[in-house]
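Chemist: compute the structure for the input listed below.
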Amino acid sequence: MLADLGALEAAIGHVFRDRELFQRALTHKSRIHERPGENPASGDNEQLEFLGDAILGFVVSECLVRRFPGAPEGRLSKLKAHLVSAARLYEVAQTLALGDFLFLGRGEEMSGGRSKKALLSDAMEALIAAIYLDGDLEAARVFIETHVVGSFAVADGSVDGAVADYKSALQEMAQALKLPPPRYFIVGENGPEHSKTFTVEVRVGKEWVGQAQGLSKKAAGQKAAESILQQLTEWGR
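Modeler: Numbering: from 1, shown residues only. So this is what the prediction gives:
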């Protein structure tokens with residue numbers, strides 16, 4: 001059974017006056033293709049995705065310029081690239097449990113559509129457009145700054161200090177900057193078996209290299225990824 005849309009409105013902080021628009025933002029094309037006679041006026045959310053993408057880019061750009069008036073363009077571009085990425089929108093969609101509210105065709109439902117990254121990130125863009133059309137730019141801005149930007153960009157303009165999964169963040173940033181995917185190597189193990197220290201190296205292409213130590217391979221990998229993230233952020237200065 002589909003979740004109550006009122007719960008989603010409470011989560012996003014916007015109550016829709018136009019219920020058909022709200023439903024359209026949550027309707028995947030598979031639903032329309034499989035049930036052409038159902039709610040034909042509303043259609044699917046593909047056109048709303050197009051509008052939402054533009055609104056998201058504008059609001060994030062405006063927010064970053066406002067927060068960091070002295071930052072160079074390259075640095076702002078890198079922060080924006082992450083904030084508007086499909087990976088970031090997927091994170092937000094998961095936080096809102098957006099997949100529980102989508103209208104999907106049977107085939108998409110059976111193939112796990114409610115948890116697909118591309119489908120959820122597209123639905124996020126459609127939802128942003130719907131908030132804009134139902135309310136105004138300010139309503140969309142409040143939603144984007146609260147849920148998408150949040151505390152990601154900290155006071156010094158660097159990558160969010162609250163990000164714990166630096167490996168995922170590095171993967172996303174490398175993709176956004178059209179760089180090769182990160183590669184991790186264990187280059188050292190020291191100490192007794194019960195208390196080893198691991199050294200992990202991460203490479204992004206030929207230019208970006210970072211190393212770090214940790215009490216586990218995972219911890220060392222996260223620290224190494226954090227060092228590359230910092231390098232990429234400094235690159236734009």
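Chemist: and the residue of the chain positioned farthest from its centre, what's its pLDDT?
Modeler: For the chain, the residue at maximal distance from the C-alpha centroid (C-alpha atoms, centre = their mean) is P192, at 40.5 Å. P192 carries a pLDDT value of 79.
Chemist: check V154 too.
Modeler: pLDDT, read off for V154, is 43.
Chemist: and what of E49?
Modeler: With respect to pLDDT, E49 scores 94.
Chemist: what's around it, how many residues?
Modeler: 19 (other C-beta atoms under 10 Å). No exception for glycine: its C-beta is placed from N, CA and C like everyone else's.
Chemist: quick one: contacts for it?
Modeler: By C-beta atoms under 8 Å, 6 or more residues apart in numbering, the contact set of E49 is 122-123, 125-126, 129.
Chemist: got it, and L177?
Modeler: L177 neighbours (C-beta under 8 Å, 6+ apart): 78, 81, 232.
Chemist: which ones among these are found in helices?
Modeler: Members of the contacts of L177 lying in helices (criterion: DSSP state H): 78, 81, 232.
Chemist: in this structure the last one contacts M173, no?
Modeler: Yes. Counting by C-beta atoms under 8 Å, L232 does reach M173; the two are 5.9 Å apart.
Chemist: joint contacts of the two?
Modeler: Common contacts of L232 and M173 (C-beta under 8 Å, 6+ apart): K78.
Chemist: SS state for the residue nearest to the spatial centre of the chain?
Modeler: The residue lying closest to the centre of the chain (C-alpha atoms, centre = their mean) is R88, at 0.8 Å. In three-state terms, and counting by DSSP: H, G, I helix; E, B strand; the rest coil, R88 is helix.
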